[in-house]
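Visitor: Take this sequence and fold it.
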Amino acid sequence: MAFVALTSLFIHEIRVMGPFSPIHLLSLFVLVALLVSIRAARRNNLERHRKGMVYMYVLGLLLTGAFTLLPGRAMHTVFFGS
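Guide: Modelled structure (predicted):
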């Protein structure tokens, strides 16, 4: 997850705020959630760790995956045609 979030910071196809897009905010969220969740696990706070991992999965994978289906993106063309 950390690798995917870090590498996504270098994608600048969709520009909403300068060179950044909402996907960059999600990437930052994933990195922060990952750090908080690891810290919680090390402190034996397994409930907080579990919640952090679930939030990271939902927002970090499912929501960003949905962004790939926006019109004009390659995966939109693959699934829905031109």
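Visitor: next SSE after the host helix or strand of residue 25?
Guide: For residue 25, the element it lies in under DSSP states H and E is helix 22-42. Proceeding N to C from helix 22-42, the next assigned helix or strand is helix 46-57, under DSSP H and E.
Visitor: Pull the residues that contact the helix holding residue 25.
Guide: With C-beta atoms under 8 Å, 6 or more residues apart in numbering as the test, helix 22-42 has contacts from 1-2, 4-6, 8-9, 11, 14, 16, 46, 48-49, 52-53, 55-56, 59-60, 63-64, 67. Bear in mind the C-beta positions are built from the backbone N, C-alpha and C, glycine included.
Visitor: Got a quick ChimeraX command for the buried subset of those residues?
Guide: This is the ChimeraX syntax for the buried subset of the contacts of helix 22-42, where burial follows 16 or more other C-beta atoms under 10 Å:
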select :1,5,8,49,52,53,56,60,64
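Visitor: Quick check: which helices or strands does the helix or strand of the chain with the lowest mean pLDDT pack against?
Guide: Within the chain, confidence by mean pLDDT, DSSP states H and E is lowest for helix 64-67 among all helices and strands, at a mean of 78. Helix 64-67 sits against helix 22-42, with contacts defined as 3 or more C-beta pairs under 8 Å, 6 or more residues apart in numbering; DSSP states H and E.
Visitor: Tell me how far residue 22 lies from residue 1.
Guide: With the distance defined as C-beta to C-beta, to the nearest Å, residue 22 ends up 18 Å from residue 1.
Visitor: Equivalent analysis for residue 49, please.
Guide: For residue 49, the distance to residue 1 - C-beta to C-beta - is 14 Å.
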